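S.K.: pasting the structure only:
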């Protein structure tokens with residue numbers, strides 16, 4: 001590796017539409033290690049990353065904004081820092097696109113909305129500033145639904161992101177662009193956010209890992225809404241270990257973040273994640289008490305093809321040494337908590353936009369925002385009481401169990417031209433939130449939850465299983481998820497691009 005600016009990249013884009021190199025399917029941790037050891041330069045890693053975008057993204061529409069010039073300048077600076085012997089961050093030189101609802105200073109950030117088609121932020125959001133401080137080279141933005149509303153990634157600016165495993169299908173959302181890019185080998189991990197499943201549902205649809213952390217683990221900070229809790233930043237990756245790596249740099253308290261959890265990100269820097277195969281297989285599941293119910297005890301309609309895959313996960317959990325019971329807590333109050341809190345948040349975020357630009361907002365945003373503006377004191381009091389009952393149900397459950405396991409999504413990836421599935425297993429869905437209830441119900445609990453690849457349908461579509469732990473048990477959740485990943489190895493099946 002050389003620090004000279006004129007160095008010729010070692011890896012050139014391959015002919016044809018399936019550019020791959022020895023870097024394409026490396027984990028983030030492995031790529032960062034190669035850069036830190038001098039085996040690969042940051043510019044070489046960037047050239048390979050951009051070549052992969054050129055090769056596969058025309059079929060996916062996952063990456064919607066790029067700034068190659070700024071990225072190469074950042075990569076050159078990273079190589080110069082290496083040559084000087086500077087202390088390197090844990091993600092030094094790693095190229096990465098970011099979710100288009102996360103502000104990136106100096107780089108177009110549209111939120112998928114015509115109202116922000118020319119928006120270039122002057123500061124990074126907290127999650128981006130932490131990734132860049134760790135050494136990430138920012139290369140562009142990944143596609144989202146308009147203002148992240150909905151779990152299918154399409155918007156009037158950039159169109160629809162499709163699924164790498166079947167490009168006629170949805171990549172889910174709202175972190176659908178990031179999930180599709182990770183599944184397709186563009187990058188090994190990336191940032192996202194999750195209000196009603198926006199990390200977990202794309203994880204399930206794209207055969208990657210998507211984790212919603214405990215509330216406040218990656219905090220909201222000023223000048224935003226620091227007390228907000230329903231939407232949480234988080235990460236996606238091809239492996240659980242890479243999610244743990246990104247959590248180690250992305251989480252922890254921050255100024256202007258009063259709802260932050262006090263633990264530093266270093267709690268995720270565990271040897272089990274750095275050297276997974278020296279501690280396994282299955283050690284993270286051994287002795288765990290697990291409540292398993294794909295449909296939360298009949299609370300959710302679940303497509304048969306999904307249930308068939310998820311039910312097999314119980315066997316793997318038991319093989320890993322978990323004590324699995326067919327049991328789930330009563331989470332019926334979660335629906336009210338989620339819907340009222342979401343409506344309130346939409347009113348806070350979009351109320352003025354609705355008054356000023358109603359005709360430029362998609363119907364789902366108008367509907368949710370109006371629901372929030374029409375909330376009454378009685379609605380808020382009732383939702384608070386429901387949240388109290390929900391907390392009691394969770395404490396009772398986690399007093400006896402370490403994990404709750406259910407499906408990540410109630411449906412398989414659906415046709416890309418649909419806004420959302422109109423029915424599930426013959427049950428009509430009254431609105432666009434109902435089909436996401438496997439995720440939204442868990443969001444309302446405040447628990448950390450992770451979707452891990454669980455297998456494929458007979459038609460070759462990915463299905464994820466959702467693991468849920470008690471609030472604050474993020475590390476334990478990741479250890480269990482990694483053990484399941486190692487036992488099953490479903491994450492190793494690559495898309496046919």
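M.R.: Good, I have the coordinates. Note that this is a predicted model, so its numbers are computed, not measured. Residues are numbered from 1 along each chain as shown.

S.K.: who's in contact with the lowest-mean-pLDDT helix or strand in the chain?
M.R.: Here the helix or strand of the chain ranked lowest by mean pLDDT, DSSP states H and E is helix 271-274, holding a mean of 90. Outside helix 271-274, the residues that touch it by CB atoms under 8 Å, 6 or more residues apart in numbering are 29, 240-241, 244-245, 278-279, 283-284, 478-479, 482. For glycine as for every other residue, the C-beta is placed from the backbone atoms N, C-alpha and C.

S.K.: any idea how far residue 423 is from residue 99?
M.R.: Residue 99 sits at a distance of 30 Å from residue 423 (criterion: CB to CB, to the nearest Å).

S.K.: ignore what I typed, I meant residue 186.
M.R.: From residue 186 across to residue 423, the span is 34 Å (CB to CB).

S.K.: who has more neighbours, these two?
M.R.: residue 186 (30 against 13; other CB atoms under 10 Å).

S.K.: give me the nearest residue to the more buried one, chain neighbours excluded.
M.R.: Nearest-residue entry for residue 186: residue 52, 5.1 Å, with adjacent residues in sequence omitted and distances by CB to CB, 6 or more residues apart in numbering.

S.K.: rewinding a little: are any of the contacts of helix 271-274 buried, and which?
M.R.: A residue is treated as buried here by neighbour count (16 or more other CB atoms under 10 Å); on that basis the buried members of those are 29, 240-241, 244-245, 279, 283-284, 478-479, 482.

S.K.: quick check, nearest of those residues to residue 19?
M.R.: Residue 19 has its nearest neighbour among the buried ones among the contacts of helix 271-274 in residue 29, at 22.5 Å by CB to CB.

S.K.: give the full set of residues in contact with the closest residue to residue 429 other than its chain neighbours.
M.R.: Nearest-residue entry for residue 429: residue 435, 5.0 Å, with adjacent residues in sequence omitted and distances by CB to CB, 6+ apart. Contacts of residue 435 were listed using CB under 8 Å, 6+ apart, and they are 151, 410-411, 420-421, 424, 429.

S.K.: ranking those by neighbours, who comes first?
M.R.: Neighbour counts for the contacts of residue 435, by other CB under 10 Å, peak at residue 151, which reaches 30 neighbours.

S.K.: quick check: the gap between that residue and residue 405.
M.R.: Here the criterion is CB to CB. By it, residue 151 lies 21 Å from residue 405.

S.K.: ok, now residue 384?
M.R.: On the measure of CB to CB, residue 384 and residue 405 end up 29 Å apart.

S.K.: just want to know which of those two has more residues nearby.
M.R.: Residue environment comparison for residue 384 versus residue 405 gives the larger neighbour count to residue 405, 25 against 12, counting by other CB under 10 Å.

S.K.: phi, psi of the closest residue to that one other than its chain neighbours?
M.R.: In space, not counting the residues next to it along the chain, residue 405 is nearest to residue 292; the distance is 4.6 Å by CB to CB, 6+ apart. In this entry, residue 292 is assigned phi and psi values of phi -120, psi 130 (degrees, to the nearest 10).

S.K.: surely residue 292 is in contact with residue 315?
M.R.: No - look at residue 292 against residue 315 with CB atoms under 8 Å: they stay out of range, at 10.2 Å.

S.K.: neighbour count: the two, which is higher?
M.R.: A direct count of neighbours by other CB under 10 Å for residue 292 and residue 315 places residue 292 higher, at 22 against 12.

S.K.: mind listing what's buried along the strand or helix carrying residue 48?
M.R.: Element membership of residue 48, judged by DSSP states H and E, is helix 42-60. Of all the residues in helix 42-60, those buried under the rule 16+ other CB under 10 Å are 42-53, 55-57, 60.

S.K.: try stretch 30-39
M.R.: Here stretch 30-39 shows 31-32, 34-36 as buried, counting by 16+ other CB under 10 Å.

S.K.: among those residues, which two are most distant?
M.R.: When the buried residues of stretch 30-39 are compared pair by pair using CB to CB, the farthest-apart members prove to be 31 and 36, with a separation of 9.6 Å.

S.K.: just checking, residue 71 touches residue 43?
M.R.: No - taking contacts as CB under 8 Å, residue 71 lies outside contact range of residue 43: 9.6 Å.

S.K.: contacting residues around residue 142?
M.R.: Residue 142 makes contacts with 62-64, 97-100, 175, 177-178, 180-181, 190, as judged by CB under 8 Å, 6+ apart.

S.K.: pLDDT below threshold where in the protein?
M.R.: Using pLDDT under 70 as the threshold, the predicted model of the chain has low-confidence ranges 1-18, 276-282.

S.K.: check it and tell me which residue is nearest its centre.
M.R.: residue 199 (3.0 Å; CA atoms, centre = their mean).

S.K.: pretty sure that residue is touching residue 208, no?
M.R.: No - the criterion here is CB under 8 Å, and residue 199 misses it with residue 208 at 9.7 Å.

S.K.: who are the packing partners of whatever helix or strand residue 335 lives in?
M.R.: Following DSSP H and E, the helix or strand that holds residue 335 is helix 334-357. Identification of packing neighbours for helix 334-357 by 3 or more CB pairs under 8 Å, 6 or more residues apart in numbering; DSSP states H and E yields helix 363-373, helix 377-398, helix 437-443.

S.K.: and the spatially closest residue to residue 383 that is not a sequence neighbour, how far is that from residue 100?
M.R.: In this structure, residue 383 finds its nearest non-sequential neighbour in residue 340, 3.8 Å apart by CB to CB, 6+ apart. Residue 340 sits 28 Å away from residue 100 when distances are taken as CB to CB.

S.K.: okay then, goodbye and thanks.
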